[in-house]
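Enquirer: Build me a model:
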Amino acid sequence: MKEIGIGMVGYAFMGRVHSQAWRNVSAFFDLPLTPAMRAICGRDVEATGAAAQRLGWASAETDWRRLIERDDIDVIDICAPGDLHAEVAIAALAAGKHVLCEKPLANTVEEAEAMAAAAAKSTAKSMVAFNYRRVPAVALARAVIAEGRLGQIRHVRAQYLQDWIVDPDFPLVWRLQKDKAGSGALGDIGAHIIDTAQFLIGQDVVGVTGLTETFIKERPRPDGQAMEPVTVDDAALFVGRFEGGALGSFEATRMATGRKNSLRIEVNGSQGSLYFDFEAMNELWCTAERGGFERVLVTEPHHPYVGAWWPPGHGLGYEHTFVHEVKDFLEAIATGADPQPSFEDGLRVQRVLAAVEQSHGHYVGI
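Expert: Residues are numbered from 1 along each chain as shown. Prediction:
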């Protein structure tokens, strides 16, 4: 089996989960390429070295440029904060490296446009890491909708609810700083529900009107020595219209006390509806002939991705979505197919995020 060298930028939360995916994908899926975890990259020498040893990487680098220059690395996996996405991805693509980039694609539309242009110009493959597309229940929901079983799509309701910054003493981490993250709940988790909605119904959002709010204006620095301003939103609400005429409502907040990771989406059509909540990720609820909803337990071997895993009823978890992600990416590289979601898909999401920020209660066309 031919090896493909992987280099990853970043070793925190996303770095850990991506590492788990690269380590395990070949153990469960028969692939045309075997990932070799060649190097992980971070700015701190000691922390990066410790991460390499703990997460299964053969070596460590402290300069992402060196990572790209290495002849033994074929794929650059970007798990760094958003302010690095464009520079790293564009350089990697120019060097002929395949790129897997965490979401949102960039911090601005201009950066995303440059990344999409670089991807179009490069012979290498590129993909945005919208992992919720790879939840078996979400993939099944897309198939149900694509088959026309819901009829004409009329409404999409999407929420992503978390509560990890409810405490005003929670420190000012990079996700709360606009220069590093681009936006707050809007880009961090709102990007996911925008992509999931567009993926499910196969239509783009073409106009929005929205509101954002920062409830806690200042937070302590991580060292606890001073307070500094929060420069991103804590919550975002917006409504929009899809190109086929359906209406959408979206809510992204990290201030929903009691909600841990509730990505919820409901699609209503002229002939039926379906509903999904990630906090019960192995279930998909669909309208029944008798009326109301019935539960589909998405753990059967014929369901998307599930046949590679456990016996029916032995549910999957968050980490499996990333295994599915790298599995699909490696297959696309091997076959010459265009991976999905593409950088162009990421750009479309970025344009929706920008329109929400610009709207301030006014309708903004996209």
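
Enquirer: the residue most distant from the middle of the chain, which is it?
Expert: What lies farthest from the middle of the chain is Arg290; by CA atoms, centre = their mean that is 35.9 Å.

Enquirer: Next one: that one relative to Val298, how far apart?
Expert: 21 Å (CB to CB, to the nearest Å). (Each C-beta comes from the backbone N, C-alpha and C, glycine too.)

Enquirer: all helices for the stretch 251-366 of the chain, in order.
Expert: 318-335, 343-359 (DSSP state H, counting those that start in this stretch).

Enquirer: would you list those in JSON lines and tack on mean pLDDT?
Expert: Shown next, in JSON lines, are the helices of the stretch 251-366 of the chain (pLDDT from 0 to 100):
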{"stretch": "helix 318-335", "mean pLDDT": "98"}
{"stretch": "helix 343-359", "mean pLDDT": "97"}
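
Enquirer: Redo those as TSV? Include mean neighbour count and distance to Ala146.
Expert: Below are the helices of the stretch 251-366 of the chain laid out as TSV (neighbours: other CB atoms under 10 Å; distance: least, CB to CB, whole Å):
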stretch	mean neighbour count	distance to Ala146
helix 318-335	20	17
helix 343-359	23	16
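
Enquirer: Can you redo those as a markdown table, where the extra columns are distance to Glu110?
Expert: Output for the helices of the stretch 251-366 of the chain, formatted as a markdown table (distance: least, CB to CB, whole Å):
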| stretch | distance to Glu110 |
| --- | --- |
| helix 318-335 | 26 |
| helix 343-359 | 9 |
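
Enquirer: so which of those gets nearest Val232?
Expert: Closest of these to Val232 is helix 343-359, at 10.4 Å (criterion: CB to CB).

Enquirer: The helices of the stretch 251-366 of the chain: which one's closest to Gly248?
Expert: The nearest among those, by CB to CB, is helix 343-359 at 10.0 Å.

Enquirer: Check which helices and strands the closest one is in contact with.
Expert: helix 109-121, strand 126-129, helix 191-201, strand 205-213, strand 235-242, strand 364-365 (3 or more CB pairs under 8 Å, 6 or more residues apart in numbering; DSSP states H and E).

Enquirer: who are the neighbours in contact with the closest residue to Val128 other than its chain neighbours?
Expert: Excluding the flanking residues, the one nearest Val128 by CB to CB, 6 or more residues apart in numbering is Gly346, at 3.9 Å. Going by CB atoms under 8 Å, 6 or more residues apart in numbering, Gly346 touches Cys101, Lys103, Pro104, Leu105, Ala106, Ala112, Met115, Ala116, Val128, Phe130.

Enquirer: Check Cys79 too.
Expert: Contacts of Cys79 (CB under 8 Å, 6+ apart): Met8, Val9, Gly10, Tyr11, Ala12, Met14, Gly15, His18, Glu102.

Enquirer: roughly how far apart are it and Gln203?
Expert: Relative to Gln203, and taking CB to CB, Cys79 is found at 30 Å.

Enquirer: any low-confidence regions in the stretch 151-300 of the chain?
Expert: Regions of the stretch 151-300 of the chain meeting the criterion pLDDT under 70 are absent.

Enquirer: Do you have the strands of it handy? List them.
Expert: 153-161, 205-213, 218-220, 227-229, 235-242, 247-253, 262-269, 273-277, 283-287, 293-297 (DSSP state E, counting those that start in this stretch).

Enquirer: one step back: now which of the contacts of Cys79 would you call buried?
Expert: By neighbour count, with 16 or more other CB atoms under 10 Å, these hold Met8, Val9, Gly10, Tyr11, Met14, Gly15, His18, Glu102 as buried.
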